[in-house]
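> I'd like to go over a predicted model; first the sequence, then the structure.
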Amino acid sequence: MSSVVLLRGINLGAKNKVDMKSLKSLFEEMGYRNVQTYIQTGNVLVEQSSIDAPAIEAALRESYGFEIPVAVRSKEELEEIRQHSIFSKEQVYVMFLAQEISKEQQEMLTSLIDDDFVVWKKQNVIISLSKNYHQTKFTNAFFERKLGIPSTARNKNTVNKILAKFS
């Protein structure tokens, strides 16, 4: 099974630097097969049926010296996200949540967000922003603050390119 491990908060400016070559090597040392990285924001594609996110986070912390939360999604899950009607709109982002959210958290988001969005499978927020990502309040930081759980954002273009790399 093909999956992507999405790393949160790396290589943003001069902060939290992670070299993609060393990242690929780390995953290979952990026993993951057919490891590929895609762009500096931390997308690691692997061929593996079982992925241990806590073990990956521990290895990342040990190797790089800071916390790097991860979200893991299968190729099939990304394809399902891409099939959602909101994904076909403009300025689409997906917030990949580190864990599932409750019904109460979903209802809270509905009361706060006025842009078109959906919580998909309780662990992904697909949102079509009415403003540029850097002008909206509905950023990754917003979702982390409101939900109290780590998440990482990818735009529609990045999700499509990750899927293309699986081919």
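Looks like it came in fine.

> L7 reaches N43, doesn't it?
Yes. Counting by CB atoms under 8 Å, N43 is a contact partner of L7 at 7.5 Å. For glycine as for every other residue, the C-beta is placed from the backbone atoms N, C-alpha and C.

> tell me who's in contact with T139.
With contact set as CB atoms under 8 Å, 6 or more residues apart in numbering, T139 has these partners: Y133, A153.

> when you give positions from now on, start the count at 11
Renumbered: residue one is now 11, and that last one reads T149.

> and the gap between it and I91?
Shown here: T149 relative to I91, a distance of 19 Å by CB to CB, to the nearest Å.

> quick one: the strands in this structure?
All strands of the chain, identified by DSSP state E, fall at 12-17, 43-48, 53-57, 80-84, 102-107, 126-130, 134-138, 161-165.

> any low-confidence regions in the protein?
Applying pLDDT under 70 to the chain flags no residue at all.

> residue farthest from the centroid of it?
Taking CA atoms, centre = their mean as the measure, the residue most remote from the mean C-alpha position of the chain is S121, 23.6 Å away.

> okay, now the residue nearest to K166 when sequence neighbours are not counted: neighbour count?
If the residues on either side of it in the chain are set aside, K166 comes closest to V102, at 4.0 Å by CB to CB, 6 or more residues apart in numbering. Using other CB atoms under 10 Å, V102 is surrounded by 22 other residues.

> contact partners for V102?
With contact set as CB under 8 Å, 6+ apart, V102 has these partners: I96, I136, I137, S138, L139, N165, K166.

> break down this protein into its helices, ranges please.
All helices of the chain, identified by DSSP state H, fall at 30-39, 63-74, 85-93, 113-122, 150-157, 166-176.

> distance to A24 added to those, as TSV?
Converted to TSV, these look like this (distance: least, CB to CB, whole Å):
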stretch	distance to A24
helix 30-39	16
helix 63-74	14
helix 85-93	30
helix 113-122	32
helix 150-157	19
helix 166-176	22
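
> which one, of those, ends up nearest to I49?
Comparing the helices of the chain by their distance to I49 (CB to CB), the top pick is helix 166-176, with 7.1 Å.
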